[in-house]
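Colleague: Generate coordinates for the sequence data below:
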Amino acid sequence: MFSRRSPLAPLVLAVLAVTLLGAAARAETAPTTAASDDLPEALAPLPGEAAPTLGAATAIPSVDVDGTTPQIALELVGDFTVPVEVTPWADAGVSLVVEQVGVIRTLDADGAVVIDLADRILFDGEQGLLGAAVHPDEPLLYVHYIDLDGATVLAEFELDPVTATADPASFRQVLTVEQPFDNHNGGEIDFGPDGYLYLGLGDGGLADDPRRLALDLTSPLGKILRIDPRATDDAPYTIPGDNPFVDQTGDAAIANADERIWSYGLRNPWKFSFDPSTGDLWIADVGQNEYEEVNVATADGAHTAGRGVSFGWSAFEGTERFNDDQAMFGHDGEAHVDPYFTTSHADGNCSISGGAVYRGDALPELAGWYVYGDYCTGVISAIPADPDSAAAVVAVDLARVEALVAIAAGLDGELYAASATGAVHRLSPPS
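Modeller: Residues are numbered from 1 along each chain as shown. Model (predicted):
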């Protein structure tokens, strides 16, 4: 097992508990959470207290009534420095771990450095290296980070699958977005089933969407953007022609819309993922005062995997009205899309850590469940990934991991839980 315990970890954890993902929001059907009387409201150590123990994680036994309730164990895979993402690199045969401090490593016994970007990155609170994704067809690595000036940067590096490294000298800036505040930066980047790159950006920060950017179609903030990140002779990237706001000059309401926008009305889409079996887009959107939200946009129907969809922030938090000066309907006159599922801060939740639909082989009872968690409670839960069902969505609690920041699929199709303490666990069959 790879171990790289950082002396910064206690300090990092304290900062993250206050600011990493922001306060959370949203609840329709609250999950059946295990008792959390033994958990502090936040997992950062107070002065004089010990920092959380690396790898402090437990399975939560579920009542298995009919033999179909998922049961898991947690297998400690490695120790990193503030891991925030796990992403596959198929050509090199490895999964990658993204460390918020600016380093990307292999998720294996060596934890070898793929690239070190620490000198380019502002690492503070929610800022840092936030996401990475490998192009599905070319040896190119894309990274999402906050630069030394506090701006969002999407950058490209060339990869060598033989040495499993990226070349720092090959740096190419794809795009940059100015940030008005130092929080709600989003994080996730991912290639969709269509081969395009999707980038999640928060609403610009502070609290309550003060600049009303999430529903403003002229701003990229509070959105998921969709581009082809590869350079052409005359552009650093291209915008797909079927993006929803391309060439909409005939409609005054959206004539000046940012053509990179795919979905909008999001507060802080820290993590999102595509179901590899259906192509459905699942978004874990960090909430404000009351609720945390799981959104889903099915791949079929009018809004193909979120195309042109408004998820409602900040007109709504969950299904509750929030900013009264924001329109109750989207750009097309359609209602904002309600969350598929919400969790309440009343249950101790504070910041949702998404999230992926399980399609691996090791846990057949978990197949077809969306797995997510919460930073403050540390509880990993699962809900049936069945957007077409009329049945009430009920969560099953699976495990607890301190300072949980992400659930993501690795190259093997299995799910990994990343903790701000440094631990990365694999969700494995119970013994």
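
Colleague: per-residue confidence for Arg5?
Modeller: Note for Arg5: predicted pLDDT of 44.

Colleague: what's the answer for Thr304, then?
Modeller: Listed pLDDT for Thr304 reads 88.

Colleague: for Val63, same thing?
Modeller: pLDDT, read off for Val63, is 50.

Colleague: Also Phe2?
Modeller: Phe2 carries a pLDDT value of 46.

Colleague: switch to numbering from 15
Modeller: Renumbered: residue one is now 15, and that last one reads Phe16.

Colleague: hang on, Leu220 packs against Arg226?
Modeller: No. When contacts are counted by CB atoms under 8 Å, Leu220 is not listed as touching Arg226 (11.8 Å). (Each C-beta comes from the backbone N, C-alpha and C, glycine too.)

Colleague: ok, those two, which is more surrounded?
Modeller: Shown here are Leu220 and Arg226; by other CB atoms under 10 Å, Arg226 has more neighbours (17 against 14).

Colleague: show me the contacts for the more buried one.
Modeller: Ser328, Asn337, Asp339, Gln340 (CB atoms under 8 Å, 6 or more residues apart in numbering).

Colleague: Check Tyr384 too.
Modeller: Neighbours of Tyr384 in contact, by CB under 8 Å, 6+ apart: Trp296, Val308, Val310, Gly369, Ala370, Val371, Tyr372, Ala396, Ile397, Pro398, Ala399.

Colleague: that older thread, between the contacts of Arg226, identify the one with the most neighbours.
Modeller: Neighbour-wise, the contacts of Arg226 (other CB under 10 Å) top out at Ser328, 22 neighbours.

Colleague: and Arg186, what are its bridge partners?
Modeller: Beta bridges link Arg186 to Glu170, judged by DSSP bridges.

Colleague: Lowest-scoring secondary structure element of the protein by mean pLDDT?
Modeller: Sorting the helices and strands of the chain by mean pLDDT, DSSP states H and E puts helix 23-33 at the bottom, at a mean of 44.

Colleague: Excluding its own residues, what touches stretch 235-242? List them.
Modeller: 188-189, 191, 193-194, 206, 209-218, 223, 227-230, 251-254, 257, 272, 274-281, 283, 286, 297, 320, 327.

Colleague: Buried subset of these as a ChimeraX selection?
Modeller: Buried subset of these, written as a ChimeraX selection, criterion 16 or more other CB atoms under 10 Å:
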select :188,189,191,193,206,210,211,212,213,214,215,216,217,218,223,227,228,229,230,251,253,257,272,274,275,276,277,278,279,280,281,283,286,297,320,327
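
Colleague: what's the following helix or strand after the least confident helix or strand of the chain?
Modeller: Per DSSP states H and E, the first helix or strand lying C-terminal to helix 23-33 is strand 71-73.

Colleague: Could you tell me which strands that following strand is paired with, and in which direction each runs?
Modeller: Going by DSSP bridges, the partners of strand 71-73 are strand 410-415 (antiparallel).

Colleague: just how off-centre is whichever strand or helix holds Val385 within its chain?
Modeller: Using DSSP H and E, Val385 falls within strand 383-388. Between the centre of strand 383-388 and the centre of its chain there are 11 Å (CA atoms, centre = their mean, to the nearest Å).

Colleague: any idea of the angle the helix or strand just after that strand forms with strand 410-415?
Modeller: For strand 383-388, the succeeding helix or strand toward the C-terminus, using DSSP H and E, is strand 393-398. Here the directions of strand 393-398 and strand 410-415 differ by 150 degrees (axes from the mean of the first three to the mean of the last three CA atoms, to 10 degrees).

Colleague: Just name the closest of the contacts of Arg226 to Gly436, please.
Modeller: Using CB to CB, Ser328 comes nearest to Gly436 of those, at 33.9 Å.

Colleague: residue ranges with poor pLDDT in the stretch 315-445 of the chain?
Modeller: Residue ranges of the stretch 315-445 of the chain with pLDDT under 70: 316.

Colleague: Okay, strands next: where are they in it?
Modeller: Taking DSSP state E, counting those that start in this stretch, the strands of the stretch 315-445 of the chain run over residues 330-331, 334-335, 355-358, 366-371, 383-388, 393-398, 410-415, 418-423, 429-433, 437-442.

Colleague: what's the answer for the stretch 115-264 of the chain, then?
Modeller: Remark: strands assigned in the stretch 115-264 of the chain by DSSP E, counting those that start in this stretch are 117-120, 127-130, 143-148, 154-160, 166-174, 179-191, 203-205, 211-215, 237-241.

Colleague: I'd like the mean pLDDT over the fifth one, please.
Modeller: This predicted structure assigns strand 166-174 an average pLDDT of 98.

Colleague: Give the other helices and strands that that strand contacts.
Modeller: Strand 166-174 is packed against strand 154-160, strand 179-191, with contacts defined by 3 or more CB pairs under 8 Å, 6 or more residues apart in numbering; DSSP states H and E.

Colleague: Out of those strands, flag the one nearest Ala405.
Modeller: strand 154-160 (36.1 Å).

Colleague: Please save the CA atoms from that closest one in CSV.
Modeller: Output in CSV follows, covering the C-alpha atoms of strand 154-160 (Å, rounded to 0.1, in the frame of the first residue of the first chain):
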residue,chain,number,x,y,z
LEU,A,154,-3.5,14.4,-23.5
LEU,A,155,-4.1,15.3,-19.9
TYR,A,156,-6.5,18.1,-19.0
VAL,A,157,-6.4,19.7,-15.6
HIS,A,158,-8.6,22.2,-13.8
TYR,A,159,-6.9,24.5,-11.2
ILE,A,160,-6.9,27.9,-9.6
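
Colleague: which other residues reach that strand?
Modeller: Contact with strand 154-160 is made by 112, 116, 118, 128-129, 131, 134-136, 141-149, 166-173, 180, 188, 193, 199-203, 211, 213, 243-244, as judged by CB under 8 Å, 6+ apart.

Colleague: Quickly run through the sheet partners of that strand, with directions.
Modeller: By DSSP bridges, strand 154-160 pairs with strand 143-148 (antiparallel), strand 166-174 (antiparallel).

Colleague: Distance check, the nearest residue to Pro444 once chain neighbours are set aside against Val96.
Modeller: Nearest residue to Pro444, sequence neighbours excluded (CB to CB, 6 or more residues apart in numbering): Ala87, at 4.6 Å. Note on Ala87: its distance to Val96, by CB to CB, to the nearest Å, is 24 Å.

Colleague: Equivalent analysis for Pro234, please.
Modeller: Pro234 sits 26 Å away from Val96, going by CB to CB.
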